[in-house]
Structures are given as structure tokens and as C-alpha cells.
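Engineer: sharing a model prediction with you, sequence too.
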Amino acid sequence: MWGSRKSRDRRTVTCIACGDSLLREDAREYDKEGDRWNRRDKEFEYLCTDCDDDLCHQPRDGLESLVCSIEADGLSREEFLDRYADAVAPDEGTDSAESRGRSDRDREPSDRDR
């Protein structure tokens, strides 16, 4: 009735990181709003698998508000990075994988990536 998914997705997209053109079915969908399940009235961007693999897949909840809260006119890059590092440093005595910056997603490839 609807046909196979492969026959529907034969269009070409461009990787937003490197500029390569590739088939949509070979690309990773990227939603800068972070909600890829809400598809209504959205245009998605795409990454090739190499560029997607190079990305950090850590959660970004609250990142923008954190950056805005430590950002100030006239800060050097080093001053900004020092403030950021202080803001995200784990509490003393924690030794979980999360506090070291690794999420469950980064530990093992998902079935999608195999």
C-alpha cells in the first residue's frame, strides 16, 4: 500500500558538517531543537555517518542557558572556558560515568549503528 521505505527515500541531502551529498537513507537526521519525534512543521538537517560519529552525543539540556549565564562582554576565550569548566565540574566525591562525561549512548554502538 505505501511501498517500501527504501523506495520512498531516494532523494539526496547535504551533510551540514562537511557538505557532502548523500542519499537520505544513508544520512543521520539532525534536529537542532532536540525533539526529532515531533515532526510537524519542521525541516530537518542531515549529517553523513562519518560526521555524526565525530559528534559528541552527550545530553545538552540546559546548555544554552548555562552558556548565557556565564557569558559576558569582554571575556577572553580562556576566561570563558575557565568559567564553563567551573560550572560543569562534578561535585567532589562523585565517580560515576556520567560525572566523567560519558553517557550510556557513548559506551556501546546502538543497533542503528551496526
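Structural biologist: Happy to help now that I have it. Everything quoted here is computed from the prediction, not taken from an experiment.

Engineer: show the model's pLDDT score for residue 83.
Structural biologist: Here the pLDDT value assigned to residue 83 is 92.

Engineer: give me the nearest residue to it, chain neighbours excluded.
Structural biologist: Leaving out its chain neighbours, the residue that sits closest to residue 83 by C-beta to C-beta, 6 or more residues apart in numbering is residue 70, at 4.3 Å. All C-beta spots, glycine's among them, are computed from the backbone N, C-alpha and C.

Engineer: so how far is residue 42 from the residue nearest the centre of the chain?
Structural biologist: In the chain, the C-alpha nearest the mean C-alpha coordinate belongs to residue 57, at 5.0 Å (C-alpha atoms, centre = their mean). Between residue 57 and residue 42 the computed distance is 20 Å (C-beta to C-beta, to the nearest Å).

Engineer: and if you look at residue 75?
Structural biologist: With C-beta to C-beta as the criterion, residue 75 and residue 42 are 34 Å apart.

Engineer: neighbouring contacts of the lengthiest helix in the chain?
Structural biologist: Counting residues, the longest helix found in the chain (DSSP state H) is helix 77-88. Outside helix 77-88, the residues that touch it by C-beta atoms under 8 Å, 6 or more residues apart in numbering are 66-67, 69-71, 75.
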